[in-house]
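**Student:** just coords:
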């Protein structure tokens, strides 16, 4: 690892591709009308009696309504502390020492290179 790896931001803060590629669908009770502090229900739509998804995820150019910023440059989730479980468990490639094909696929769709093991700071 290079000396400057401690100064690197978390790779997700300069990416956002997964939030504009995969539909974030989750169990309906994760929304705040059922669980206080959950996903803001006004940012979701009903898929079926058991599942909801984040608004903005349908159509030819999906983008989660909670994603702020410019993909591939600087992004953040406007509801990070309240995000759905599907978002919480999505791990970017090499965060845990292993590649994630889905992360790589989303990045490729946005013209971004796959993450590499050296993109992570020691201690992250």
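**Tutor:** Cool, got the structure. All values derive from a computational prediction rather than experimental measurement. Numbering: from 1, shown residues only.
**Student:** C-alpha from now on. contacts and neighbour counts both.
**Tutor:** OK.
**Student:** residues contacting residue 41?
**Tutor:** 31, 32, 33 (Cα atoms under 8 Å, 6 or more residues apart in numbering).
**Student:** and for residue 16?
**Tutor:** 67, 70, 71, 72, 75, 76.
**Student:** let me see the mean pLDDT of the strand or helix carrying residue 105.
**Tutor:** According to DSSP states H and E, residue 105 maps onto helix 101-109. Averaging pLDDT along helix 101-109 yields 97.
**Student:** how about stretch 65-80?
**Tutor:** 97.
**Student:** where's that stretch relative to the chain centroid, distance-wise?
**Tutor:** Stretch 65-80 sits 9 Å away from the centroid of its parent chain (Cα atoms, centre = their mean, to the nearest Å).
**Student:** what about the strands in the protein?
**Tutor:** Listed in chain order, the strands of the chain (DSSP state E) span 25-27, 44-46, 51-54, 67-70, 74-77.
**Student:** redo these as CSV? Include distance to residue 102 and mean neighbour count.
**Tutor:** Shown next, in CSV, are these (distance: least, Cα to Cα, whole Å; neighbours: other Cα atoms under 10 Å):
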stretch, distance to residue 102, mean neighbour count
strand 25-27, 15, 19
strand 44-46, 23, 18
strand 51-54, 18, 21
strand 67-70, 18, 16
strand 74-77, 19, 17
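**Student:** how about these in a markdown table, adding distance to residue 91?
**Tutor:** Formatted as a markdown table, those follow (distance: least, Cα to Cα, whole Å):
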| stretch | distance to residue 91 |
| --- | --- |
| strand 25-27 | 16 |
| strand 44-46 | 22 |
| strand 51-54 | 19 |
| strand 67-70 | 17 |
| strand 74-77 | 15 |
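**Student:** just give the number of residues close to the closest residue to residue 15 other than its chain neighbours.
**Tutor:** What sits nearest to residue 15 in space, not counting adjacent residues and going by Cα to Cα, 6 or more residues apart in numbering, is residue 72, at 4.3 Å. Counted with other Cα atoms under 10 Å, residues neighbouring residue 72 total 18.
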